[in-house]
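1. Kindly generate the corresponding structure for this input.
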Amino acid sequence: MTALGPAVLLGFVLGLQHATDPDHLVAVATIVTRARRFWDGALVGVLWGIGHAVTLTLAGGIVILLNVSLPEKLTTGLELLVAAAIVALGVFRLRDALRGAGRAAPGHLLADHDHDGRAAFHSHPHEHGGHAHAHPHVHPETSLLGVLGGARPIAIRAVAIGALHGLAGTAAVSLLILATLRAPLDGFVYLGVFALGTIFGMTALTAVMAYPVALALRFQRAHRALAVGSGMLAIVFGLVYFARTI
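-> Numbering: from 1, shown residues only. Have a look, this model is predicted:
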């Protein structure tokens, strides 16, 4: 086995481990609790991993090609940005959970006119004081990939926070590459395998998270408790993370 072989295996294993970083899990949990289906929640991990892979490969590639290390002030700034983003995710999740935003009866969301969870325009007839009239309204799409153009861009949040985590993690990963691999091509191979490991790892983790969330959708109080809990955890974790990074 060449010198690259062990590095590739190590890269995949470290990628799997990297997905379990607490800041990753706390941030992703606030997004998974917004999903309306099990597979939507699991796909959050894939989208997070894609965002993470793109920025990690781009920034890490620059480091490899130029044979430089990122300034400490820059890496600290990125970590602080991650902490602030986690707090923001927590605040928005807590706000929406307390408002009950996006909550509708499961039977209503899956009615005949909702087209399997996709967006639909329809109206409900009502009668008040002998006068019949209708209330037209639109239900937004509830599938994960369909919300890209809706009011709740879950997919965009997953990709964005993954990209931010990828930037923040570039320094440590690139330093390891520069210390063990000399050829730029080997470094890019390592980055690719590492990114693949993070995608696999985070997808598995979000699938585990999505299962209880999907079960809790049947019970409004349980689902709200999960949402509130993930929001509060993100706020507290983000503030502590910020304070420790300064």
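2. can I get the CA coordinates of the helix or strand hosting residue 9 in CSV?
-> Secondary-structure element containing residue 9, defined by DSSP states H and E: helix 4-18. As requested, C-alpha coordinates have been extracted for helix 4-18 and formatted as CSV (Å, rounded to 0.1, in the frame of the first residue of the first chain):
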residue,chain,number,x,y,z
LEU,A,4,-1.5,7.7,0.2
GLY,A,5,-3.4,4.6,1.0
PRO,A,6,-3.3,4.9,4.8
ALA,A,7,-3.9,8.6,4.5
VAL,A,8,-7.1,8.0,2.5
LEU,A,9,-8.4,5.5,5.1
LEU,A,10,-7.5,7.9,7.9
GLY,A,11,-9.2,10.7,6.1
PHE,A,12,-12.5,8.8,5.8
VAL,A,13,-12.4,7.8,9.5
LEU,A,14,-11.6,11.3,10.6
GLY,A,15,-14.4,12.6,8.4
LEU,A,16,-16.8,10.3,10.1
GLN,A,17,-15.5,11.5,13.5
HIS,A,18,-15.6,15.1,12.4
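3. packing partners for that helix?
-> Based on contacts counted as 3 or more Cβ pairs under 8 Å, 6 or more residues apart in numbering; DSSP states H and E, the elements that helix 4-18 packs against are helix 170-180, helix 184-216. Every residue, glycine included, has its C-beta placed from N, CA and C.
4. Which parts of the longest one count as buried, going by neighbours?
-> Judged by neighbour count (16 or more other Cβ atoms under 10 Å), helix 184-216 contains these buried residues: 186-203, 205-207, 209-210, 212-214, 216.
5. Can you say which helix or strand has residue 34 in it?
-> Using DSSP H and E, residue 34 sits in no helix or strand.
6. ugh, wrong one, I meant residue 64
-> helix 38-66.
7. Now that helix: average pLDDT?
-> The predicted model assigns helix 38-66 a mean pLDDT of 90.
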